[in-house]
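Asks: Generate a structure from the sequence data that follows.
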Amino acid sequence: MASLLVRFIGLAYRIPMNNILGTKGVGIYGIAFDIYDLLLIISSYSLPLALSKIVSGLQARREFKNVGRSFQVALFFGVISGGLFALVLLFGAGAIERYIYPEYPGVEIPLRVLAPTIFVVALLGVFRGFFQGKKTMMPTAFSQVIEQIVNAAVSVLASYYFMKWNVGNIHQAAWGAAGGTLGTCLGAVSALLILLFLYWVYRPIQVKQERRDRTRRRLSGRYLFMLLLMTILPVILSQTVYNITGLIDYKLFGSLSSGRGIDSGIISSLAGVYSGQYRLLCSVPIAISTAVASSMIPSAVAAYTEGDVAQWKKNVSSGIKFNMVVAIPCAAGFSMLGFSITKMLFSTSETVLGVPTWVLGGRLLTLGSVAVVFYALSNVTGGALQSIDKMRLPVIHSAISLIVHILVVALLLKYTEIGIYALIAGNVTFPFVVFILNLWAIRRYVPEYRQECVKTFVAPVAASAWMAVAIALVYWISSRFIPLNIVCTLITICVAVFVYFIVLLLLRGLTKDELYDFPMGRRLYLLAKHLHVM
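Replies: Numbering: from 1, shown residues only. Got it, this is the predicted structure:
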């Protein structure tokens, strides 16, 4: 629920921020953020996942002293790695712009503002991983919401004033993007302060557990450091391959487009529409799948550690089903309402190559919406492999998929005239290949695993089909009487959600217990009972 709320807040503040920056500024912001994400993953992004995996295993064996020691080792690791990569970004931002992304002038400025955030997020990840390993997502969830609220407020205000203060500057758009990245930094600081307070409150409980620990096994700091490193490395490699695809896309698109004589400003603007409209909107349902995968892993690890294969299968199956219930209708909604949504959120007078930016964004969203489903599947199946200690397989699968992705994008950009739409093709093929390889590996190492298909896939697809019919009818009828796109789109979305919910339950796609696992599940169940659909 927190992940969903965070994404909606992120979507809400990105709308005014994108309109303040313009597509050129959004393009620079997107590239800077992807570079920051890559360095963050290498330095510390996998710390919460890795530490939660270690802590949950130790908790299952009631080795509380080893839990405390692993936390201390992870904190040391976070300080070293986060501090090192923060310095690398701070002093290497100029070289990144000059030698890697010369097609996007000014990207150095927001990168320097993002540099301290890497250190802050490294510490943040240690505390989140500790609490997640204790099987409570509340500290992570609460800190994420506060982080995003601060991020939203600062990003919009700083973008506006940085643009205002740099009127006439050749890098005005880059300074505006730097204002957006300032919000990221201050949001992370606020979340870290909250988690420091929560850990201070929880610390006496951990101390009491350590005093009652009667297990003889005592893990050394060196062993825990190597265990953490060996747990982190596969996750780093896997996530690095995931995130590097965006940077490769920007580089391929920039270099091949400039080779055709396209101006750098147009290249930045096209990249801005791709990152600021298509990827931004798709990130909302994808974030839900990532959150489900992260929250599923500690329970799956504990089940695997205890040899409870049935519970492990239940965790993985429910994770995939939850994702499909959300991702499939989102993809269908994006494909049906792509133009209406981008016009509602990003309608400005700005054009790229004579096409309004919201029209271009609508085309991208309509054509590439199916990627949401494949990313959801690849995320959860990757988490399932990590939970059974097959940490290297998601890395290998992502690397294979990356090669396919690069070939598809490069060939389309070089030998066709589709331009920015080549990135959509790559964005769909990458998670699809990863999912197929992950699923094959799961069935190989856990032969007992069989995913239920009718309620997991068929019911959401059927309900989404009826939802699509409702979308077409409601938008067509409402647009005949209401001349405002925003009103028609909002009415259509509300009706679409209602129709999907009703049809899915009529098809018995969810049981009472499964519905209770959803955010506000009890209220949804009472509504379903009142409507006589469950």
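Asks: switch to C-alpha atoms for all contacts and neighbour counts from now on
Replies: Will do.
Asks: same question for the stretch of helix or strand L49 belongs to, mean pLDDT?
Replies: Element membership for L49 (DSSP states H and E) is helix 47-60. In this model, helix 47-60 carries a mean pLDDT of 83.
Asks: average pLDDT for whichever helix or strand comes after it?
Replies: Using DSSP H and E, the next helix or strand after helix 47-60 towards the C-terminus is helix 64-99. Across helix 64-99, the average pLDDT comes to 90.
Asks: Which elements pack onto helix 64-99?
Replies: Other elements packing on helix 64-99 under the criterion 3 or more C-alpha pairs under 8 Å, 6 or more residues apart in numbering; DSSP states H and E are helix 2-40, helix 47-60, helix 108-133, helix 172-211, helix 221-259.
Asks: Might one say that V433 is in contact with L402?
Replies: No - contact between V433 and L402 fails when scored by C-alpha atoms under 8 Å: they sit 9.1 Å apart.
Asks: the more surrounded of these two?
Replies: L402 (23 against 19; other C-alpha atoms under 10 Å).
Asks: quick revisit: show me the one of the helices and strands packed on helix 64-99 that comes nearest G68.
Replies: Proximity to G68 (C-alpha to C-alpha) singles out helix 172-211 among the helices and strands packed on helix 64-99, at 7.4 Å.
Asks: Can you mark which positions in that closest one are buried?
Replies: Within helix 172-211, the residues scored as buried using 16 or more other C-alpha atoms under 10 Å are 172-192, 194-195, 199, 209-210.
Asks: Where does pLDDT dip in this protein?
Replies: Applying pLDDT under 70 to the chain flags residues 235, 238, 242, 289-298, 518-519.
Asks: Give me the most central residue, it.
Replies: Geometric centre of the chain, nearest residue: A287, 3.9 Å, by C-alpha atoms, centre = their mean.
Asks: residue contacts, that residue?
Replies: Neighbour list for A287: S3, L4, R7 [criterion: C-alpha atoms under 8 Å, 6 or more residues apart in numbering].
Asks: name the element it belongs to?
Replies: Using DSSP H and E, A287 maps to helix 280-305.
Asks: Check which helices and strands the next helix-or-strand element following that helix is in contact with.
Replies: For helix 280-305, the succeeding helix or strand toward the C-terminus, using DSSP H and E, is helix 309-346. With contacts taken as 3+ C-alpha pairs under 8 Å, 6+ apart, helix 309-346 sits against helix 2-40, helix 280-305, helix 357-368, helix 371-387, helix 459-481, helix 485-506.
Asks: How many neighbouring residues does the residue nearest to L192 when sequence neighbours are not counted have?
Replies: Closest residue to L192 apart from its sequence neighbours, by C-alpha to C-alpha, 6 or more residues apart in numbering: L124 at 5.3 Å. Counted with other C-alpha under 10 Å, residues neighbouring L124 total 27.
Asks: cool, T381 as well?
Replies: 27.
Asks: pretty sure it contacts N438?
Replies: Yes - contact criterion C-alpha under 8 Å: T381 and N438 qualify, at 5.8 Å.
Asks: quick revisit: now distance to A496 and neighbour count too, for the contacts of A287, in TSV please.
Replies: Listed next are the contacts of A287 as TSV, based on distance: C-alpha to C-alpha, whole Å; neighbours: other C-alpha atoms under 10 Å:
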residue	distance to A496	neighbour count
S3	22	21
L4	18	18
R7	20	22
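Asks: can you redo those as TSV with distance to G276?
Replies: Converted to TSV, the contacts of A287 look like this (distance: C-alpha to C-alpha, whole Å):
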residue	distance to G276
S3	19
L4	18
R7	14
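Asks: which one among the residues you listed gets closest to A462?
Replies: Nearest to A462 among the contacts of A287: L4, at 24.0 Å, using C-alpha to C-alpha.
Asks: List the contacts of the closest residue to the closest one other than its chain neighbours.
Replies: Nearest non-adjacent residue to L4, counting by C-alpha to C-alpha, 6+ apart: I288, 6.1 Å away. Residues in contact with I288 (C-alpha under 8 Å, 6+ apart) are S3, L4, N323.
Asks: Repeat that for N438.
Replies: S378, T381, G382, L385, L393, P394, H397.
Asks: what about Y449, distance to A327?
Replies: Distance, Y449 to A327, by C-alpha to C-alpha, to the nearest Å: 22 Å.
Asks: who's more crowded, the two?
Replies: Neighbour count, other C-alpha under 10 Å: between Y449 and A327, A327 has more, with 28 against 17.
Asks: The more buried one against A376, yeah?
Replies: Yes - between A327 and A376 there is a contact under C-alpha under 8 Å: 6.8 Å.
Asks: Overlap in contacts, those two.
Replies: I286.
Asks: sorry, back to before: can I get the helices and strands packed on helix 64-99 in a markdown table with distance to L84?
Replies: Formatted as a markdown table, these follow (distance: least, C-alpha to C-alpha, whole Å):
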| stretch | distance to L84 |
| --- | --- |
| helix 2-40 | 10 |
| helix 47-60 | 15 |
| helix 108-133 | 8 |
| helix 172-211 | 17 |
| helix 221-259 | 16 |
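Asks: closest one to I482 among those?
Replies: Of all those, helix 2-40 sits nearest to I482, with 23.4 Å by C-alpha to C-alpha.
Asks: which strands and helices sit next to that closest one?
Replies: helix 64-99, helix 108-133, helix 138-165, helix 172-211, helix 221-259, helix 264-273, helix 280-305, helix 309-346.
Asks: again, only using 7 Å
Replies: In terms of contacts (3 or more C-alpha pairs under 7 Å, 6 or more residues apart in numbering; DSSP states H and E), helix 2-40 is packed against helix 108-133, helix 138-165, helix 172-211, helix 221-259, helix 264-273, helix 280-305.
Asks: Can you tell me which of these is most buried?
Replies: Between the helices and strands packed on helix 2-40, helix 108-133 has the highest mean count of neighbours, a mean of 26, where neighbours are mean count of other C-alpha atoms under 10 Å.
Asks: Many thanks, have a good one.
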